[in-house]
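# Sequence unavailable; structure follows:
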């Protein structure tokens, strides 16, 4: 059982893993933090939490599995110097609503993101998505382009498992019945976060403040429900039409991968780049699956020039 537990713990590091909302929002961010109700087709209202900073053309940040606005804490100041930056908590994560339903697919999240953009009147948006958030960004583009192709200006996708078979093979055990729940439920959130963050960052020590921020929502049962359902969705996705559908996306796309990504290997980035007709792939040295934590300066150096295109 010890070996199985270790494998599942590694599998659960699908993005930067147990990321979570900040324990307390910074004073300058708190003035521009809000919850707003949106509704997608076929669902009731969901209150989503967002934080805004800066002015200018909008940049909408979508976090990965188990993450929240907290994951962008090192990126927002640099981005907000010339842009209106909006960090959004997806349904089930951070400070957004966490209903105990089954609507946690990338398509479900994309419908809510599209509704959020409509409700906030966002135009000329750059969508930035990390890991599962990258998949949600692509699905959002597919939705929005069918109605308002001018609403999304460009895409930035960071280590996104956006195609079937994207994940490293050892992560497939997340789909095993009951086993992930049996291991995750009894573990203290901070202990689990420390293990998973270390895995996602390639080993070594993780700062206590990061552990606390990333672990925070896992004291809440509904957050674990959302996490596990989303993880299974990522592992089990099998839509063979995705590459064909992605070829309809005309917006410029910057794909960013860490050379040592153990969760979503760089080969996935190459596949995705071939599917997106106006994309380029950039590989970062010295990071694994969480460049916004590991190499925020290098990540900004790639994104900022792209925003000026």
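Looks like it arrived, so ask away. What you see is a predicted model; the values in this text were computed from it and never measured.
# which stretches of the protein form strands?
Applying DSSP state E to the chain gives strands spanning 33-38, 46-53, 58-62, 84-88, 125-130, 152-158, 253-258, 279-284.
# Residue 119: which of those is closest?
Residue 119 lies closest to strand 33-38 among the strands of the chain, at 5.3 Å (CB to CB). Every C-beta, even on glycine, is put in place using the N, C-alpha and C of the backbone.
# Which neighbours in the sheet does the closest one have, and how are they oriented?
strand 46-53 (antiparallel) (DSSP bridges).
# So which bits of the partner strand are buried?
For strand 46-53, the neighbour count (16 or more other CB atoms under 10 Å) marks 46, 48-53 as buried.
# just to revisit the earlier point, how about a markdown table for the strands of the chain, with mean pLDDT added?
As requested, those are exported to a markdown table (pLDDT from 0 to 100):
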| stretch | mean pLDDT |
| --- | --- |
| strand 33-38 | 97 |
| strand 46-53 | 97 |
| strand 58-62 | 98 |
| strand 84-88 | 98 |
| strand 125-130 | 98 |
| strand 152-158 | 98 |
| strand 253-258 | 98 |
| strand 279-284 | 98 |
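# any chance of those in a markdown table, with distance to residue 112 too?
Shown next, in a markdown table, are the strands of the chain (distance: least, CB to CB, whole Å):
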| stretch | distance to residue 112 |
| --- | --- |
| strand 33-38 | 6 |
| strand 46-53 | 6 |
| strand 58-62 | 11 |
| strand 84-88 | 9 |
| strand 125-130 | 14 |
| strand 152-158 | 15 |
| strand 253-258 | 21 |
| strand 279-284 | 25 |
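# most tightly surrounded among those?
strand 125-130 (a mean of 28; mean count of other CB atoms under 10 Å).
# Tell me which other helices or strands it touches.
Counting contacts by 3 or more CB pairs under 8 Å, 6 or more residues apart in numbering; DSSP states H and E, strand 125-130 is packed against strand 58-62, helix 132-145, strand 152-158.
# What strands line up against that strand, and which way round?
strand 58-62 (parallel), strand 152-158 (parallel).
# List the contacts of residue 90.
48, 62-63, 96, 109, 112-113, 133, 136 (CB atoms under 8 Å, 6 or more residues apart in numbering).
# Let me know the distance separating residue 276 from residue 94.
As judged by CB to CB, to the nearest Å, residue 276 and residue 94 stand 28 Å apart.
# quick one: which of the two has more around it?
residue 94 (28 against 24; other CB atoms under 10 Å).
# My guess is the more buried one contacts residue 47. True?
No - contact criterion CB atoms under 8 Å: residue 94 and residue 47 do not qualify, at 11.5 Å.
# Can you redo the contacts of residue 90 as JSON lines, where the extra columns are distance to residue 102?
Compiled in JSON lines, those are given as follows (distance: CB to CB, whole Å):
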{"residue": "48", "distance to residue 102": "18"}
{"residue": "62", "distance to residue 102": "21"}
{"residue": "63", "distance to residue 102": "21"}
{"residue": "96", "distance to residue 102": "17"}
{"residue": "109", "distance to residue 102": "13"}
{"residue": "112", "distance to residue 102": "15"}
{"residue": "113", "distance to residue 102": "18"}
{"residue": "133", "distance to residue 102": "20"}
{"residue": "136", "distance to residue 102": "17"}
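# For the protein, which segments count as helices?
Under the criterion DSSP state H, the chain carries helices at the ranges 2-11, 27-30, 76-79, 106-120, 132-145, 179-184, 189-200, 208-215, 221-236, 242-246, 266-275, 291-294, 296-307.
# before we move on, back to that, quick one: closest of the strands paired with strand 125-130 to residue 270.
Across the strands paired with strand 125-130, closest to residue 270 is strand 152-158 (CB to CB), at 12.7 Å.
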